[in-house]
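J.: Just need the structure, nothing else, for what follows:
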Amino acid sequence: EEVPSQTFDNKDYFCGKETFPVYESVFTEEGETIRKIAVETEKPPQIEIHVWTIRKGILRHFYVEKVSKREFEELPYFKQITRTTPSQWKIFSEGEAQISQMCESRVCRTELEDLVKVLYLEKSEKGHC
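T.: The predicted model follows:
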């Protein structure tokens, strides 16, 4: 018997706000950690993937790539971690630009972790929307 998995599509969960699915992929190769955060947008219908290459806690390389939904479905390792609103995604993107400059010369492990936390939405209590 199949157990229903937790879905993030429930509008009540986020008080009816528009939300996008957010995915994450983290893997390590040759001493570097490659962390990818991806968001699915409706207009245009595509996936925006933010790629961070971290070596010894220092952000060595950062770039953004855009792919179609079909291309994204063929990529390995991604799992949905949350849903986020357009305004939270904007905060994430702006913070990411600041961190990418700030972390070129020093360890920024906690800053990157805190930035990803921005994407998680607080679950609203019923009646508090």
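J.: In the chain, where is pLDDT below threshold?
T.: 1-16, 123-129 (pLDDT under 70).
J.: try 80 this time
T.: Low-confidence segments of the chain (pLDDT under 80): 1-17, 43, 57, 100-110, 121-129.
J.: Now do the strands in the protein.
T.: Using DSSP state E, the strands of the chain run over 20-29, 32-41, 46-55, 58-67, 79-84.
J.: Tabulate those strands (TSV), appending mean neighbour count.
T.: To be clear about C-beta, it is placed using only N, CA and C from the backbone, and glycine gets the same treatment. Compiled in TSV, the strands of the chain are given as follows (neighbours: other Cβ atoms under 10 Å):
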stretch	mean neighbour count
strand 20-29	15
strand 32-41	18
strand 46-55	18
strand 58-67	14
strand 79-84	17
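J.: Looking at those strands, spot the one closest to residue 103.
T.: The closest of the strands of the chain to residue 103 is strand 58-67. By Cβ to Cβ, the value is 4.0 Å.
J.: packing partners for that closest one?
T.: With contacts taken as 3 or more Cβ pairs under 8 Å, 6 or more residues apart in numbering; DSSP states H and E, strand 58-67 sits against strand 46-55, helix 86-102.
J.: and the last one, what does it pack onto?
T.: The elements that helix 86-102 packs onto, with contact taken as 3+ Cβ pairs under 8 Å, 6+ apart, are strand 58-67, helix 109-117.
J.: Including distance to residue 81, could these go into JSON lines?
T.: Conversion of the helices and strands packed on helix 86-102 to JSON lines gives the following (distance: least, Cβ to Cβ, whole Å):
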{"stretch": "strand 58-67", "distance to residue 81": "18"}
{"stretch": "helix 109-117", "distance to residue 81": "8"}
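J.: So for residue 52, which of these sits nearest?
T.: Within the helices and strands packed on helix 86-102, the stretch nearest residue 52 is strand 58-67; the backing value is 5.4 Å (Cβ to Cβ).
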